[in-house]
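Chemist: Sequence and predicted structure are below.
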Amino acid sequence: MSADKSSVCGILGLLLHDPLSTQTSAAGTELAEGLSLLQHRGQDAAGIVTCGSGGRFYQVKANGMVRDIFDAQAVAGLKGWMGVGHARYPTAGSSAQAEAQPFYVNSPYGIVFAHNGNLINTASLRQFIDAEAHRHINTDSDSELLLNIFANNLQKTGKFRINEEDIFTAISDLMKTCKGAYASIAMLAGFGLIVFRDPNGIRPCGLATRAGVRGGTDYLVASESVVGQGLGFHGWDDVKAGEAIIITRNKITRRIVGQPEVLAPDIFEYVYFARPDSTIDGISVYRSRMAMGDLLAETAKKELAKAGLNVDVVIPVPDTSRVAALQCAQHLGIPYREGFVKNRYVGRTFIMPGQSQRRKNVRRKLNAMPMEFAGKVVMLVDDSIVRGTTSKEIVQMAKDVGAKKVIFASCAPPIRFPNVYGIDMPSRHELVAHGRTQAEIAQEIGADLVIYQTLEDLVQSCRQFNPSIQEFECSVFTGKYVTGGVDERYLEHIEKLRNDNAKAKKLHGKVQEQEFLVEGCSGPMNGSDSLIGLSNHSPKVGPTAMPSPNDMVGLHNSWYGS
Ligand SMILES: O=P(O)(O)OC[C@H]1O[C@H](OP(=O)(O)OP(=O)(O)O)[C@H](O)[C@@H]1O
Ligand SMILES: NC(=O)CC[C@H](N)C(=O)O
Ligand SMILES: [Mg+2]
């Protein structure tokens with residue numbers, strides 16, 4: 001993962017009570033700010049859609065980083081009192097701009113939709129949507145499918161105006177049909193926000209409130225609590241597994257609609273994805289990483305004694321592992337040193353399919369300080385070893401600057417299986433631990449010894465802060481998928497999508513698509529874009545591309561503010 005940093009998504013929803021905000025870009029401004037606090041979750045594309053007077057939607061979305069897409073001009077066009085945002089790293093379909101979120105469908109009622117997660121039964125859903133629901137799906141994105149299942153369930157009521165019961169029933173039916181992970185936010189034109197989390201609550205999502213500027217309550221929904229804190233919201237509350245929440249200007253209604261509602265949050269959020277200053281399902285990410293360091297130290301003590309090694313210094317692999325490495329060093333009573341300095345100005349290298357490019361990128365990103373390594377037995381601590389690209393390169397760098405011996409310790413157990421719930425883990429054969437013993441992994445990355453956290457200790461690092469959580473989603477370590485229903489055919493399918501060759505091909509396709517756009521033709525469009533023709537696509541190519549806000553053709557809506 002080192003080349004792309006994160007490979008999950010961030011979702012965000014905001015509803016302001018202030019009636020005057022209908023005419024301003026107050027919500028759009030805060031959404032852009034909030035999205036920048038979720039940037040670590042996905043750097044491929046970002047989008048915001050707001051809803052203004054008359055239920056009209058305004059949209060800005062593009063490939064690239066939040067700060068590049070949402071400049072003052074873009075934000076100024078995002079008018080309205082509520083909105084939805086998304087920062088994307090694709091796990092299904094491609095990274096084409098047409099698959100950037102939020103998605104939109106005009107029928108019924110006008111729905112905007114953002115999704116974090118991944119569906120595992122897309123083939124049968126696609127068949128249903130096509131053959132039975134007769135709805136058009138224009139991309140390979142699973143999120144567009146999820147939106148259309150939701151829209152179809154609402155449409156089935158046949159009502160001009162739906163009520164809360166109808167919405168809860170639609171989501172309950174969706175949860176029976178859609179398998180996989182989904183933390184989702186839907187915005188109904190002129191009405192409000194609808195939030196739901198799959199029956200295992202695999203991906204994180206919570207909400208918070210604050211007093212509105214002219215009275216009433218403002219609502220925020222986001223993947224991580226850090227957004228609430230950053231925007232001045234209080235009382236962070238996680239959406240429960242299988243829960244659906246309807247938020248309007250005047251009221252919030254919550255109900256568990258999914259079965260079996262066994263919370264099993266993805267443990268990798270704590271290991272790597274989430275920001276340390278977030279709390280997810282009642283567990284501080286920071287504290288869980290400290291605990292990972294403590295428990296890793298216990299395992300390290302045993303393994304080092306077995307190998308007859310005495311460590312001189314503990315060095316983290318920046319950034320994520322710092323918290324755990326410091327704690328591990330303290331627990332072992334061994335000095336902690338920042339032996340690697342990270343160049344924080346190396347931006348994301350836009351989609352890196354090749355292994356050689358990834359390796360170069362590690363060297364560009366990290367630099368070793370010789371005095372911390374020379375003549376020493378060093379223990380490097382990282383949060384996880386995925387492909388082994390970072391560890392291999394880093395071990396070599398440590399040796400190049402004179403380390404006597406290099407021990408590599410991981411806060412997570414060996415990763416041997418792909419993730420199917422919204423993390424773009426590489427294909428099995430690209431995982432360095434797949435089919436290798438611990439000794440073989442050490443040999444592969446060039447370390448004198450590799451130490452892994454046990455799964456039991458990793459679970460304990462998180463669970464001790466919220467013992468009510470009975471289960472965590474740990475399939476990347478165990479191959480056991482919490483939802484069931486992941487068969488070998490599906491795994492083969494995602495392997496084909498995720499291996500380096502496939503990504504290289506996609507990249508090629510993307511370049512072609514961009515060239516296509518330069519010539520002024522339209523690329524693939526998602527639902528809404530078919531209404532607004534080309535305007536969703538930036539006429540420019542490259543990271544500086546900046547779309548102008550689009551006035552999406554919204555239905556005139558009498559729910560609010562028309
Ligand atoms: O085995 P690999 O395939 O190399 O992947 C594992 C590495 O990737 C991540 O770091 P990254 O540089 O993405 O982010 P960070 O700065 O948050 O640690 C993670 O923290 C590991 O260091
Ligand atoms: N990482 C994610 O949550 C991605 C969401 C969705 N599956 C997509 O590919 O756009
Ligand atoms: Mg790292």
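Modeler: Cool, got the structure. Here the structure is a predicted model, which is why all the values come from computation and not from measurement. Ligands and ions are numbered 1, 2, ... in the order given.

Chemist: Can you tell me which residues in this structure are near ligand 2?
Modeler: Residues of the chain found near ligand 2 (Cβ under 6 Å from any ligand atom) are 8-9, 88-93, 99, 115-118, 141-143, 422. For every residue, glycine as well, the C-beta is placed using N, CA and C.

Chemist: what about the residue nearest to residue 194 when sequence neighbours are not counted, distance to residue 358?
Modeler: Nearest in space to residue 194, with sequence neighbours left out and distances taken as Cβ to Cβ, 6 or more residues apart in numbering, is residue 186 at 4.4 Å. Distance from residue 186 to residue 358, counting by Cβ to Cβ, to the nearest Å: 36 Å.

Chemist: Just give the number of residues close to residue 190.
Modeler: 27 (other Cβ atoms under 10 Å).

Chemist: okay but it is in contact with residue 57, surely?
Modeler: No: in this structure residue 190 lies outside contact range of residue 57 using Cβ atoms under 8 Å: 9.8 Å.

Chemist: what residues do the two have in common as contacts?
Modeler: 51, 110 (Cβ atoms under 8 Å, 6 or more residues apart in numbering).

Chemist: And residue 373, how far from residue 407?
Modeler: From residue 373 over to residue 407 (counting by Cβ to Cβ), the distance is 13 Å.

Chemist: again with residue 159
Modeler: 64 Å.

Chemist: okay, these two: which has more neighbours?
Modeler: Per other Cβ under 10 Å, whichever of residue 159 and residue 407 has more neighbours is residue 407, with 24 against 12.

Chemist: Quickly note the distance from whichever residue of the stretch 351-500 of the chain sits closest to ligand 2 to residue 203.
Modeler: Minimum separation of the stretch 351-500 of the chain from ligand 2 (Cβ to the nearest ligand atom) falls at residue 422, amounting to 3.8 Å. According to Cβ to Cβ, residue 422 and residue 203 sit 5 Å apart.

Chemist: Pull up the overlap in contacts between those two.
Modeler: 8, 116-117, 181, 266.

Chemist: Among those residues, which are located in strands?
Modeler: 116-117, 181 (DSSP state E).

Chemist: Let me know the closest of these to residue 211.
Modeler: residue 116 (28.0 Å; Cβ to Cβ).

Chemist: what sits against the residue of the stretch 351-500 of the chain closest to ligand 2?
Modeler: Residue 422 neighbours (Cβ under 8 Å, 6+ apart): 8-9, 91, 116-118, 181, 202-203, 266.

Chemist: any low-confidence regions in the stretch 1-150 of the chain?
Modeler: Scanning the stretch 1-150 of the chain for pLDDT under 70 picks out the ranges 1-6.

Chemist: Ramachandran angles for the residue of it found nearest ligand 2?
Modeler: Residue of the stretch 1-150 of the chain nearest ligand 2, by Cβ to the nearest ligand atom: residue 9 (3.2 Å). Per-residue torsions, residue 9: phi -140, psi 160 (degrees, to the nearest 10).

Chemist: Now for this structure, the helix or strand with the poorest mean pLDDT.
Modeler: Ranked by mean pLDDT, DSSP states H and E, the weakest helix or strand in the chain is helix 529-532, scoring a mean of 31.

Chemist: Looking at the contacts of residue 422, which one is closest to residue 216?
Modeler: Within the contacts of residue 422, the smallest distance to residue 216 is 28.0 Å, found for residue 116 (Cβ to Cβ).

Chemist: Just give the nearest non-adjacent residue to the closest one, would you?
Modeler: residue 9 (4.2 Å).

Chemist: is it true that the one you found touches residue 85?
Modeler: No: the pair residue 9 / residue 85 is not scored as a contact, 10.8 Å apart, by Cβ under 8 Å.

Chemist: Comparing these two, which residue is more hemmed in?
Modeler: residue 85 (35 against 30).

Chemist: For that one, give me its contacts.
Modeler: 10-14, 31-32, 34-35, 38, 46-48, 102, 114.

Chemist: can we see that at 10 Å?
Modeler: By Cβ atoms under 10 Å, 6 or more residues apart in numbering, the contact list for residue 85 reads 10-14, 27-28, 30-36, 38, 46-50, 60-61, 66, 70, 78, 101-102, 114, 185, 222, 227.

Chemist: ok, now residue 203?
Modeler: 8-11, 41, 115-118, 180-184, 197, 223, 265-266, 269, 273, 280, 421-423, 473.

Chemist: Would you list the strands that the helix or strand where residue 61 lies pairs with, along with their directions?
Modeler: Remark: residue 61 resides in strand 57-63, with elements defined by DSSP states H and E. Looking at strand 57-63 with DSSP bridges, its partner strands are strand 45-51 (antiparallel), strand 550-552 (antiparallel).

Chemist: any idea which helix or strand comes after it?
Modeler: Counting by DSSP H and E, what follows strand 57-63 is helix 66-69.

Chemist: Can you name the element that comes right after that following helix?
Modeler: helix 72-76.

Chemist: Could you point out the helix or strand that follows that next one?
Modeler: strand 82-88.

Chemist: when you compare where that next one runs with where strand 45-51 runs, what's the angle?
Modeler: 170 degrees (axes from the mean of the first three to the mean of the last three Cα atoms, to 10 degrees).

Chemist: What count of nearby residues applies to the closest residue to residue 307 other than its chain neighbours?
Modeler: What sits nearest to residue 307 in space, not counting adjacent residues and going by Cβ to Cβ, 6+ apart, is residue 449, at 5.4 Å. Residues within reach of residue 449, counting by other Cβ under 10 Å, total 21.
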